[in-house]
Structures are given as structure tokens and as C-alpha cells.
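Visitor: 3D model of this:
(2 chains)
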There are 2 protein chains.
Amino acid sequence: MTATDIAIAGAGIIGLSIARELTARGMTVTVHDPEPGSGASTVAAGMLAPVTESQFGEEPLSRLSLASAKLWPEFAAGLGITDAYRDTGTIFVGVDAADAAELDRQLKLYRDYGLACQPLSAAEARQHIPLLSPSVSKGLLAATDHQVDTRRVHAALLEACRAAGVNFVPRRVTDPSTVDAGLLVVAAGSWSAKLLGLPVRPVRGQVVRLRGPDELGYTVRARVRGRTVYVVPRASGEVVIGATQDDRGFDTAATAGDTNALLRDTLEVLPELAEYELAEVNVGLRPGTPDNAPLLGRTADPRVVAATGHFRQGILLAPITAALIGDLIATGTVPEALKPFDPLRFDAS
Amino acid sequence: MTATDIAIAGAGIIGLSIARELTARGMTVTVHDPEPGSGASTVAAGMLAPVTESQFGEEPLSRLSLASAKLWPEFAAGLGITDAYRDTGTIFVGVDAADAAELDRQLKLYRDYGLACQPLSAAEARQHIPLLSPSVSKGLLAATDHQVDTRRVHAALLEACRAAGVNFVPRRVTDPSTVDAGLLVVAAGSWSAKLLGLPVRPVRGQVVRLRGPDELGYTVRARVRGRTVYVVPRASGEVVIGATQDDRGFDTAATAGDTNALLRDTLEVLPELAEYELAEVNVGLRPGTPDNAPLLGRTADPRVVAATGHFRQGILLAPITAALIGDLIATGTVPEALKPFDPLRFDAS
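Guide: Residues are numbered from 1 along each chain as shown, chains lettered A, B, ... in the order given. Below is the predicted model of the structure:
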């Protein structure tokens, strides 16, 4: 007789989404985390963009992402935070000719997936977002790329889990064998590698949070002479600007150079944001994997299930991860949609 | 019979320096401040540059500044923080031809005051500071422009005042008549105007604090195509970058634009600082006056002495302000050096 049916290592958005799903299915759940919400979940901007360049050619991941994007409205509603889910779409903009050519590729990619995507002249882009600078030469309206306020999602998940009777243990799981539960789900993001013995590595991402009037209306994703930056405005006045990407182990110090790069590119396309308050500078560690797809499912240890390695798509993939991991645990059968994400797919031995 | 000989409004570096001076002269002192060190004192970079362009033609202020600069080594030693006073000098650098021409003017200004100042070729500047970028075209070594770690100075002053028996009252003085003391010294920086009925206004200055190896060796003051930025390195690894200057009332929010401007210009001349940690972004309110010189001395209210309006030079002027205000209060006679700074000099009535 174990103390809990299911233990979960990690109280980020993935771990909590799974905890909530499993309690809804009648299981008792204990979540272990020394500091819930201290990882990448509450740093993330929360863009819900299921089709991205980096996933090009990765059909199963794109399918999973598209399916999860469709779940988000109901997921947010179930948490009582429909207003934290903002479905006003995304406007891509480019500055020079090469940036504009990238927008053409982006347009084709979206249309290949059957997603609404509309090219915009510079003037049309400015009609949507009057704050755009004259340096913007071209745009795209991706009407189905939405965003969620990740901090509100995390807080709502914590509250929902507590209300559902999830037990929280404020310590880090360092060895699965020490956890007194029928099953351990490892949803510890970048900290999952040691627990699983699987290839998950921290991929550093810095963001800057501004505070100002809510006047953009859309998420803005800019290409500025080959560099990229996104600007995610919340109704609360928070504006999340991101994100750098590099490997520095578990170093979460923000740097002068990253801050400068994010602000420089943002202010080039949205110069009036110069007057916004600089509220925070944060670094998150995305859990990366060798093929940039998550590790979802059973591991070599029959007591351990992996739900990690979501890289840049952890927020987007939370609803479907919870649903499918819930199916796996409840039925004992691997759902078809999870098969491409077998945690043991890199096992060369 | 009053509770204290002298009350002081403001526990910044000016107020505390005066408190310490007066207790040393045998007076009992009470300092009123809701939050000692919450003002400009601990935001300031602490450059001790007594001769500046903006003071050009303001002889009395330059004389006062030069005299105070000479007091600093002993002032720091008296506080037991000789290592917080860094006397390695300042290197000015310029980027374009107009910047270089400004350095020539600076050189002449320093030499007019008899201060050591040595022109440097770009190569010579880089010999002093290998981190300087190739964009630097010219330099100057101002061997007598030093710096202090303002936070250590403030902390040491607080400790010295407490040890000397200064009484601290954690509230803001809003009306001199409510203070039970023989004399009130108003050293409330930008918050002095209402207390004194004199023209002191907040002049906003934003700084950025980085953290990295202590590898610059000198304070760097750069002209970057007409803009100016300074970089003040501490032995502790703190690097203070400043400073913007604008009027926004008492608004102390840091902005995206100011942060971007400070980092951009710094990284242009010192690109390797991109790797330094972005530790803090702060705004201080310099107490400005109509002629940019301080208000030091008796006011229309015989119970009130002003010691404020130090604008950009409050840290530099703290030792001499304390000494001269001490003389004024102890002797009842206005020291000659204070006469140009009569608080009532703007009184048109």
C-alpha cells in the first residue's frame, strides 16, 4: 500500500496539468517541487504557435501541437481564466528584404498546414498596429496564433490542484526509488535528465517584461535584419519580449547583451515601447531534447513515466500532454498520438 | 527644552554626513527618514569628478567640488571603508570626430583647473583598458577623477551615526513646525522643496547595474556619437552604468528606452560587457536647482537650515557639505565658502 497512487516530480505547468487530469480521473496525486512555478513555466511568454519553422518536417510534433492548440480555449475555461487566453492572433513583421522573404516562407508553411495566414503590406500592418515603425516593410496576419498569460495559468492550476486534493511536497525528487507511490511522472523540465537517465538539456532563454498601456492588440513577431524577437502583450499591461536561445547549463543570470538585443530589436519595430516601464528581466531553461520533441511515456523503469522535453512548446502542449499521459496511466495502453514521443527513442544500446 | 539639539530631514548620504559631523561636535542629533537610503544616494554611481562641462563658468561650485574631492580619502578612511574609495582615475573615450573634439575641450577644461589630464591615442587607451572596442578613436586619462561605492558609503554612515548615538525616526518630515528640535536641517534631496518652500526639483536619472569580473580598472566615460555614458567598476564586481537625465516628476520607473540606450552605448565601446549579468535597473531623483548649484545655509525660517539641491554632485560634495554646515551650526557664522550657495539667492520678491 503506497501513500499516493501517482507522484509527480515538478510543479510547472506540465506537472500541474497532469496532476489535475489524474485527480479528475479519480487518482490520488502528490506533487513534489521545492518551489512550484520557479522554472520555465512562469518565465515563458505563452505564445501558442503550433506550426513553427523549427518543427518543419516534424509532422508528428506539428500534429500534436495543432491538436493541443485546439484544446486551449476549453483548458483555460476549465481553469476559470478565459481572459488569460487571448485569441487576437499574431502579426509577423519584417524589416529588410531577407526578412520579407522569410515572411513569404512562413506564409507558405502556414498555408501548407491549412492555417489562416494573410500577407500584409507595410501600410496594412500599421493599420492593425499603429505603433509599428516605418522600418517595417511587410507583414503577415496569423489569425490562429494566440497566447496565454503563463503566470495566471500556473496560479490557476495550483489553485485547481489544491482544490482537487492534490498533495504538495516542497522538495525536489532526486531519486525515483525514494518516492512512495505506485507511479512517478517526471515533469521536471530541464531538471529531468538525472531523474530519467535520458537526454534532456537546459536551453537558456532570456525574456524582458515591460509594463505599459495595452495598446498593441496582437502578439508581434518581428524579423529585424535576420534576428527575431516577439512581443506578447497582456490585457494586464504586461508585455513579454523574448527570447534568446543558448546553452549555458543551468545558469539563469540575465545578461547585459541579451537585454540589449531584445530591447534594440523591439524598439526598432515598436519605438514607442521605449516609454514602457522595464519591469523584469528573466531567464528560463527550456527542456531540450536531441530532436526537439518531447519525451512522453513509459521509461525503462516500469514505475516511471516521462512528461518532459517540451523545449519551446511546453505551454502550448500542456493540455494534450495532460490528456494523453492521463490516458496512458488510466488505461495502461500507449495512445497512438504518444508513440512518436517514446522517451526511449534515442536509446542506441 | 527640546528633545534634540538638531533634527535632520533625510537619511541619504548628505543627511547622514551632517548627522555624523554634528555628533562629533557634541550635539545631539535626530534623523527623520521613512526609509534611509531609499533615495538618490544608493542609486548614484559615485563618480567623484569635481570639474564638469556643466559647471563651466560656475567657479564657486567648481572650487567647492575640488575642495570636497580632496576631503574624500580621509572621509572614507574615517568611515573605515578606504577600499570603497577607488582612486584609479577615469579614462574618457570618444568614437567619432565630434566626440574626439569634445575630448579636446575636456582636456583644456581640466588643464585650466590645473588637473592632471593626459591625451591618449586609441592604442594607448586600449593599453589601459584592453576591453575597449575598435570603435574608440581617442581617449583621455583623468588621473584625479575617482569614485566611491555609494552603497558602502551609505551603510558605513548609518553604522557610524548609530554608533555615535544618532536617533533615527522612521517617518518623513512634512512640516518643520512639527519637529521638536532647536534646529532642523533639511537634507531631503528632491523631497526638500515643500519643506523649504525653495526651488528644488527632481531630475530623473536611470542607471543599470551589471555584475562581472573586475577587469576594467578605470571608470570609463564615453562619448558615443554625441551621446554620453559612464561605466563605473567596483572591486566587488558591480559595474554601474549611467545615467539618463530627464524631468518626469517623482516617477522612478525604469524604462525600456533608457535601459536600451545605456546598454547600447556601453556595449559599443566595451562589447565584452555583453556577457556580464544584468543585476539591477534603478532610477534616482537628483535634486536640481535653477542654477544647478546646491542650497546650503540658513533659510527664511530661523529654525531651518538647507543642505540640498546637490544635483549630480551630492556624493562628491558630502564631505564638504557636512564640514561647512557643521561650522555654520556650531559657530552661528556663515562660512565664506557657503556664501555663493545661499538658499535664498533665487528669492525675487
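Visitor: neighbours of A:Q127, just the number please.
Guide: Other residues lying near A:Q127 total 12 when counted by other CB atoms under 10 Å in any protein chain shown. Yep, even glycine has a C-beta here, placed from its N, CA and C like the rest.
Visitor: Now do the same contact list for it.
Guide: Contact analysis of A:Q127 by CB atoms under 8 Å, 6 or more residues apart in numbering or on different chains lists nothing.
Visitor: And the one helix or strand it maps to, what's buried?
Guide: Element membership of A:Q127 [criterion: DSSP states H and E] is helix A:122-128. For helix A:122-128, burial by neighbour count (16 or more other CB atoms under 10 Å in any protein chain shown) applies to A:122, A:125-126, A:128.
Visitor: Nearest to B:D96 among those residues?
Guide: A:A122 (31.5 Å; CB to CB).
Visitor: Which residues of chain A lie near chain B?
Guide: A:208, A:210-211, A:253-260, A:263-264, A:266-267, A:273-278, A:281 (CB under 8 Å from any CB of the partner chain).
Visitor: so of these, which ones are in strands?
Guide: Counting by DSSP state E, the part of the residues of chain A next to chain B found in strands is A:208, A:210-211, A:277-278, A:281.
Visitor: Closest to A:V224 out of those?
Guide: A:V208 (15.1 Å).
Visitor: Could you check how far the longest helix along chain A is from the centre of its chain?
Guide: The longest helix of chain A (DSSP state H) is helix A:59-78. Relative to its parent chain, helix A:59-78 has a centroid offset of 12 Å by CA atoms, centre = their mean, to the nearest Å.
Visitor: do the same with stretch A:262-273
Guide: 23 Å.
Visitor: try stretch A:339-348
Guide: Relative to its chain's centre, stretch A:339-348 lies at 21 Å (CA atoms, centre = their mean).
Visitor: swap in stretch A:338-349?
Guide: Mean C-alpha position of stretch A:338-349 versus that of the full chain (CA atoms, centre = their mean) differs by 22 Å.
Visitor: swap in stretch A:321-330?
Guide: Distance, centroid of stretch A:321-330 to centroid of chain: 19 Å (CA atoms, centre = their mean).
Visitor: Identify each buried residue in that stretch, please.
Guide: A:321-329.
Visitor: who touches that stretch?
Guide: Here stretch A:321-330 makes contact (CB under 8 Å, 6+ apart) with A:6, A:14, A:17-18, A:20-22, A:24-25, A:27, A:68, A:71, A:183, A:185, A:294, A:296-298, A:305, A:307, A:310, A:333-335, A:337-338.
Visitor: can you tell me which of those residues are in helices?
Guide: A:14, A:17-18, A:20-22, A:24, A:68, A:71.
Visitor: These into CSV, with extra columns for neighbour count and pLDDT?
Guide: Shown next, in CSV, are those (neighbours: other CB atoms under 10 Å in any protein chain shown; pLDDT from 0 to 100):
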residue, neighbour count, pLDDT
A:I14, 33, 98
A:S17, 31, 98
A:I18, 28, 98
A:R20, 24, 98
A:E21, 22, 98
A:L22, 25, 98
A:A24, 13, 97
A:S68, 23, 97
A:L71, 17, 98
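Visitor: for these, which one is nearest A:S38?
Guide: Nearest to A:S38 out of the ones in helices among the contacts of stretch A:321-330 is A:I14 (CB to CB; 14.0 Å).
Visitor: just checking, the closest one touches A:S190?
Guide: No: look at A:I14 against A:S190 with CB atoms under 8 Å: they stay out of range, at 11.8 Å.
Visitor: mind exporting stretch A:282-295 as PDB, just the C-alpha atoms?
Guide: Once non-C-alpha atoms are left out, stretch A:282-295 reads as follows in PDB (Å, rounded to 0.1, in the frame of the first residue of the first chain):
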ATOM      1  CA  ASN A 282      14.000  36.800 -16.600                       C
ATOM      2  CA  VAL A 283      15.800  33.700 -17.700                       C
ATOM      3  CA  GLY A 284      14.100  30.300 -18.200                       C
ATOM      4  CA  LEU A 285      15.600  27.000 -19.000                       C
ATOM      5  CA  ARG A 286      13.700  25.200 -21.800                       C
ATOM      6  CA  PRO A 287      14.000  21.400 -21.600                       C
ATOM      7  CA  GLY A 288      15.600  20.500 -24.900                       C
ATOM      8  CA  THR A 289      16.000  17.000 -26.400                       C
ATOM      9  CA  PRO A 290      18.100  15.700 -29.300                       C
ATOM     10  CA  ASP A 291      15.300  16.100 -31.800                       C
ATOM     11  CA  ASN A 292      13.500  19.000 -30.100                       C
ATOM     12  CA  ALA A 293      10.400  16.800 -29.500                       C
ATOM     13  CA  PRO A 294       9.100  15.900 -26.000                       C
ATOM     14  CA  LEU A 295       9.700  12.700 -24.100                       C
END
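Visitor: Could you list the buried residues of that stretch?
Guide: Using 16+ other CB under 10 Å as the burial criterion, the residues of stretch A:282-295 that qualify are A:282-289, A:292-295.
Visitor: Which of the ones in strands among the residues of chain A next to chain B has the largest number of neighbours?
Guide: Most neighbours among those, by other CB under 10 Å: A:V208, with 29 neighbours.
Visitor: tell me the contacts of that one?
Guide: If you count contacts by CB under 8 Å, 6+ apart, then A:V208 has A:240-242, A:259, A:262-263, A:278, A:280-282, B:256 around it.
Visitor: next one: A:W72
Guide: A:48, A:85, A:146, A:148, A:316, A:319.
Visitor: ok, the first one - how many residues close by?
Guide: By that I understand A:L48. Around A:L48 there are 22 other residues, counting by other CB under 10 Å.
Visitor: Could you do the last one as well?
Guide: Residues lying near A:P319 (other CB under 10 Å) number 23.
Visitor: Quickly find the element holding it.
Guide: Assessed by DSSP H and E, A:P319 sits inside helix A:314-331.
Visitor: how big is the angle separating that helix from helix A:13-24?
Guide: Helix A:314-331 runs at 30 degrees relative to helix A:13-24, counting by axes from the mean of the first three to the mean of the last three CA atoms, to 10 degrees.
Visitor: What are the boundaries of the helices in the stretch 51-200 of chain A?
Guide: A:59-78, A:97-112, A:122-128, A:150-163, A:192-196 (DSSP state H, counting those that start in this stretch).
Visitor: TSV please, covering those helices and showing distance to A:T174.
Guide: Conversion of these to TSV gives the following (distance: least, CB to CB, whole Å):
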stretch	distance to A:T174
helix A:59-78	30
helix A:97-112	42
helix A:122-128	49
helix A:150-163	22
helix A:192-196	7
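Visitor: before we move on, back to that, tell me which two of the contacts of A:W72 sit farthest apart.
Guide: Largest separation among the contacts of A:W72 by CB to CB: A:H146 and A:P319, giving 12.8 Å.
Visitor: PyMOL command to pick out the buried ones of the contacts of A:V208?
Guide: Buried residues among the contacts of A:V208 (16+ other CB under 10 Å), as a PyMOL selection:
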select buried, (chain A and resi 240+241+242+259+262+263+278+281+282) or (chain B and resi 256)
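Visitor: still on that earlier bit, list just the nearest of the buried residues of stretch A:282-295 to B:G249.
Guide: The closest of the buried residues of stretch A:282-295 to B:G249 turns out to be A:N282 (CB to CB; 29.0 Å).
Visitor: Any idea what the residue in the stretch 101-250 of chain A positioned nearest to chain B is bridged to?
Guide: Nearest residue of the stretch 101-250 of chain A to chain B: A:L210, at 5.3 Å (CB to the nearest CB). Beta-bridge partners for A:L210, by DSSP bridges, are A:V239, A:L278.
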